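Asks: A predicted structure for the sequence below; I have some questions about it.
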Amino acid sequence: MAIRTAVLVLLLTATAVGSAVAAPQARREPARVPEGAAGDAVPLPVVVPLPRPRPITAPAKPPEPDPKILAERDACLERLAVVAEAEPEPPAAGQPACQAQDLVRLSAIRLAGGERVAVAATARIRCTLAEALVAWMRDDVAALMTPSGGRPATMVVDTSYECRPRNRIAGAKISEHGRGNAVDLRGFVLADGRSVGLTDPIADKTLRSALAKSVCARFTTVLGPGSDGYHEDHVHLDLAERRKDFRICQWDVRDPVPLPRPRPKLDAEPDSEPEQEP
Ligand SMILES: [Zn+2]
């Protein structure tokens, strides 16, 4: 009987402690008395501690805007307003490595003569990159296309801001696209409807070579066909900053692929002889 009383006291104490402390809670197994063993030694209650409740994590909030970065972006937008159509974009939130506060939405570029070049799809990029892209279009691309009678009407953009690893390889470093510091271009559509694909071997090679040279002079990274196998149908441009101003310019301007010439049929060649593979 004395043992039972002691167990009862223990149980009451455990209950009191359990109600006074909200966390961690514990699941208590009732003391079990084996059948037919009434009066024998009673096992002590088993207290199984539960894991601490996990704190409720607040949803990821975008970082507080840096007034200096926003002021620089606004000054950049003022400069762009003269030569382009661009709007401020809300800061990109999400992963810390992909946060960008000075994003803008570039939708068109005005050439020196006032002609409008649409940017499609709209590029969501840092304002500094937008300025570099607009300057390249106005000062280089438009002039390079004039001799062939082409006036660019649309700059065809593939990808701009996108939070992802380089070349979409899991575990790789975050791409410059994840900082709004890169843009992928397909080419241009001219005012007369013709297209100039930057990586299209059929397009004028002299023009493509001149575009490659001019773009490598303006951007710190240029990746096109022949670079790494991921840029065979577009050209990647970015303004990555590296030590000692190291630059990457890898764009192999491809020759047009000649069509195979029909093989002349020799009279001496018997029709019935099967061809031998080398
Ligand atoms: Zn890219």
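Replies: It's in.

Asks: right, and residue 151 touches residue 190 too?
Replies: Yes. Applying C-beta atoms under 8 Å as the test, residue 151 and residue 190 come out as touching, 6.1 Å apart. Yep, even glycine has a C-beta here, placed from its N, CA and C like the rest.

Asks: what pairs with residue 155 across the strands?
Replies: Listed beta-bridge partners, residue 155: residue 119, residue 188 (assigned using DSSP bridges).

Asks: and it, what does it touch?
Replies: For residue 155, the contacting residues are 109, 117, 118, 119, 120, 133, 137, 185, 188, by C-beta atoms under 8 Å, 6 or more residues apart in numbering.

Asks: if you set the cut-off to 6 Å instead, what comes out?
Replies: Taking C-beta atoms under 6 Å, 6 or more residues apart in numbering, we find residue 155 in contact with 117, 119, 188.

Asks: with those in mind, which one is nearest to the ion?
Replies: Taking C-beta to the ion as the measure, the ion sits nearest to residue 119 out of the contacts of residue 155, at 15.8 Å.

Asks: Quick one: name the residues of the stretch 151-278 of the chain near the ion.
Replies: Contact residues (C-beta under 5 Å from the ion) of the stretch 151-278 of the chain with the ion: 182, 184, 236.

Asks: number of nearby residues for the last one?
Replies: Around residue 236 sit 26 other residues, with neighbours defined as other C-beta atoms under 10 Å.

Asks: Name the secondary structure element that contains it.
Replies: According to DSSP states H and E, residue 236 maps onto strand 235-238.

Asks: in its sheet, what does that strand sit against?
Replies: According to DSSP bridges, strand 235-238 forms sheet pairs with strand 182-190 (antiparallel), strand 221-223 (antiparallel).

Asks: Could you export those strands as TSV, including mean neighbour count and mean pLDDT?
Replies: Output for the strands paired with strand 235-238, formatted as TSV (neighbours: other C-beta atoms under 10 Å; pLDDT from 0 to 100):
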stretch	mean neighbour count	mean pLDDT
strand 182-190	22	97
strand 221-223	21	97
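
Asks: quick one, which of these is nearest to residue 257?
Replies: With C-beta to C-beta as the measure, strand 182-190 is the member of the strands paired with strand 235-238 nearest residue 257 (17.6 Å).

Asks: and the closest one, how far out from the chain's middle?
Replies: The chain centre lies 17 Å from the centre of strand 182-190; the measure is C-alpha atoms, centre = their mean, to the nearest Å.

Asks: Helices along this protein, start to end?
Replies: 2-20, 67-80, 127-136, 142-145, 205-218 (DSSP state H).

Asks: ok, of the ones you listed, where does mean pLDDT dip lowest?
Replies: Across the helices of the chain, helix 2-20 has the smallest mean pLDDT, namely a mean of 45.

Asks: where's the spatially closest residue to residue 192 that is not a sequence neighbour relative to the ion, distance?
Replies: What sits nearest to residue 192 in space, not counting adjacent residues and going by C-beta to C-beta, 6 or more residues apart in numbering, is residue 150, at 7.4 Å. Residue 150 sits 25 Å away from the ion, going by C-beta to the ion, to the nearest Å.
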